[in-house]
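> Generate a structure from the sequence data that follows.
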Amino acid sequence: MSRTGLALMAVVLAGSASLTPARAVPPTATPSPGYDARLQEQRAASRAAVAPVVKPRRVKKPRAH
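Numbering: from 1, shown residues only. Reported below is the predicted structural model:
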């Protein structure tokens, strides 16, 4: 085979290999019980009603003439 034929075969093989779907599972697809528990706690804490802090009213002092 000539160089051109080998190069053409390499391109065809590389192209067909790139069309096959990936079979790897991303690491985020695995459930993590620890993370889920922390997330539940964080959401529960943010939902807890906290009374807003009320600042005392500023009272103007009467002017002395």
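
> what about residue 36, which helix or strand?
If you go by DSSP states H and E, residue 36 is part of helix 33-47.

> ugh, typo on my part, it should be residue 12
Element membership for residue 12, per DSSP H and E: helix 3-19.

> Okay, residue 47 and residue 40: tell me how far apart.
11 Å (CB to CB, to the nearest Å). Backbone N, C-alpha and C define where each C-beta goes, glycine included.

> So the two - more neighbours on which side?
Ranked by neighbour count (other CB atoms under 10 Å), residue 47 and residue 40 place residue 40 first, with 10 against 7.

> Look at that one and report its pLDDT.
With respect to pLDDT, residue 40 has a value of 89.

> Contacts only, for it.
Going by CB atoms under 8 Å, 6 or more residues apart in numbering, residue 40 touches no other residue.

> Quick check: residue 35 vs residue 43, distance?
Look at residue 35 and residue 43: by CB to CB, they are 13 Å apart.

> next one: residue 62
Computed as CB to CB, the residue 62 to residue 43 distance reads 51 Å.

> Of the two, which one has the most company?
Between residue 62 and residue 43, residue 43 has the larger neighbour count (other CB under 10 Å), namely 9 against 6.

> The more buried one and residue 34: what is the separation?
15 Å.

> and what of residue 58?
Between residue 58 and residue 34 the computed distance is 48 Å (CB to CB).

> State the mean pLDDT of stretch 53-65.
Stretch 53-65 comes out at a mean pLDDT of 81.

> Just the buried positions in it, please.
When burial is assessed from 16 or more other CB atoms under 10 Å, stretch 53-65 yields no buried residues.

> and that stretch, how far apart are its ends?
One end of stretch 53-65 sits 37 Å from the other (CA to CA, to the nearest Å).
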